[in-house]
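>>> Sequence below, structure please.
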Amino acid sequence: MNEKLVLKNHLRKARNEKGLSQMELANMVGVSRQTISSIENGQFNPTAKLALILCIALDKTFEEIFYFDISI
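Residues are numbered from 1 along each chain as shown. From the prediction side, this is the model:
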């Protein structure tokens, strides 16, 4: 069994639903635009604190933005 859980997200979709640019969201939550881009592209997993701050900023639950995918 070489399965592993991979954290994925719907951050780009949630951000677009709010009509926010990456820069606007980054400024709201106190990170760089590159951090938002890296999260959206799956290159970086946010800390629990940042994930919750993103959820609050986008008025979404954790489960609406973040989910696990099984990678084989």
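
>>> Looking at this protein, which helix is longest?
helix 48-58 (DSSP state H).

>>> which residues in this protein form strands?
Applying DSSP state E to the chain gives strands spanning 4-9, 66-71.

>>> These into TSV, with extra columns for distance to residue 23?
Glycine gets a C-beta too; all of them are placed from N, C-alpha and C. Output for those, formatted as TSV (distance: least, CB to CB, whole Å):
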stretch	distance to residue 23
strand 4-9	18
strand 66-71	22
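
>>> Save these as TSV, and put in mean neighbour count too.
Below are these laid out as TSV (neighbours: other CB atoms under 10 Å):
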stretch	mean neighbour count
strand 4-9	13
strand 66-71	12
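
>>> and the longest helix of the chain, average pLDDT?
Mean per-residue pLDDT for helix 48-58: 98.

>>> May I see the buried residues of that helix?
50-51, 53-55, 57-58 (16 or more other CB atoms under 10 Å).

>>> got the contact list for it?
Under the criterion CB atoms under 8 Å, 6 or more residues apart in numbering, residues 11, 14-15, 17-18, 25, 28-31, 39, 46, 61-62, 64-66 lie in contact with helix 48-58.

>>> Residue ranges in this protein under the pLDDT threshold?
Along the chain, the parts satisfying pLDDT under 70 run over 1-2.

>>> mind redoing it with 50?
Along the chain, no part satisfies pLDDT under 50.

>>> Name the residue closest to the centre of it, please.
residue 11 (4.2 Å; CA atoms, centre = their mean).

>>> What is the burial count for the closest residue to that one other than its chain neighbours?
Sequence neighbours aside, residue 40 is the residue nearest to residue 11 in space, at 5.0 Å (criterion: CB to CB, 6 or more residues apart in numbering). If you count neighbours by other CB atoms under 10 Å, residue 40 ends up with 18.

>>> Could you measure from residue 40 over to residue 26?
11 Å (CB to CB, to the nearest Å).

>>> Give me the buried positions along stretch 19-39.
20, 22, 25-26, 28, 31, 35-37, 39.
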